[in-house]
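>>> below is the sequence, then the predicted model.
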Amino acid sequence: MKTLVAYFSQTGNTKRVAEAIYGEIPGEKDIKALDELEDLEGYDLIFYGFPIQAGNPAKDAGEFLSGRCSGKKMALFTTHGAPEDAERVKPWLDNVRNLVAQEGAELLGVFDCQGEVAQAIVDFLLSSDDPERRRYGQETAEAKGLPDEARLERARSFAREIIA
């Protein structure tokens, strides 16, 4: 079985999760950033990771899948600025699931974890006139250094479950 771990990462969070997952996969495998990929052909299993931005998969990550994943076995992994147990994360994950369902892929699972948000975005949120944005800015500021080792271990466990 040939496995691909593909990811889109702007801050390095999703790349760290991708590397943790990749380390758990036995046999023939590749790890590639989205900008190194042309298609998904030749792989029996694909782990595909990206950040969630404004409640949806990052635009580049979503657009890449268009017309490329029909019939593929896929496991998705995402990073985002909110705590994993935040109520607003559930609809975000529904959007992630819908991304591959609409393309006809077989979704084997979804892993998500909180990751550090770029300081410019934190500053923007904290300086907003909108109290909800300021609250979110405070929440994301507390995510500094994430994903931590515990979250990376959860990603490793996710990978082992998918390939079992």
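That came through fine. Residues are numbered from 1 along each chain as shown.
>>> flag every buried residue along stretch 15-28.
Lys15, Arg16, Val17, Ala18, Ala20, Ile21, Tyr22, Glu24, Ile25 (16 or more other Cβ atoms under 10 Å). For glycine as for every other residue, the C-beta is placed from the backbone atoms N, C-alpha and C.
>>> right, and the fifth one touches Ala155 too?
So the one you mean is Ala20. Yes - using Cβ atoms under 8 Å, Ala20 is in contact with Ala155, at 4.4 Å.
>>> show me the contacts for the residue lying closest to Glu28 once chain neighbours are set aside.
Counting by Cβ to Cβ, 6 or more residues apart in numbering, Glu28 lies nearest to Lys2, which is 4.5 Å off, once chain neighbours are set aside. Listed by Cβ atoms under 8 Å, 6 or more residues apart in numbering, the contact partners of Lys2 are Gly27, Glu28, Lys29, Asp30, Gly42, Tyr43, Asp44, Leu45.
>>> how about a cut-off of 7 Å?
Residues near Lys2 by Cβ atoms under 7 Å, 6 or more residues apart in numbering: Glu28, Gly42, Tyr43, Asp44.
>>> looking at these, which are in strands?
Mapping the contacts of Lys2 onto strands (DSSP state E) picks out Glu28.
>>> who wins for neighbours among the contacts of Lys2?
Within the contacts of Lys2, Tyr43 tops the neighbour count with 20 neighbours, counted by other Cβ atoms under 10 Å.
>>> find the nearest non-adjacent residue to that residue, please.
Spatial nearest neighbour of Tyr43, excluding adjacent residues (Cβ to Cβ, 6+ apart): Leu4 at 4.2 Å.
>>> ok, the one you found - how many residues close by?
Leu4, neighbours per other Cβ under 10 Å, totals 23.
>>> one more: Pro57?
25.
>>> next, give phi and psi for it.
phi -60, psi 140 (degrees, to the nearest 10).
>>> now do it, the pLDDT please.
Per-residue pLDDT puts Pro57 at 92.
>>> I am finished for the moment; much appreciated.
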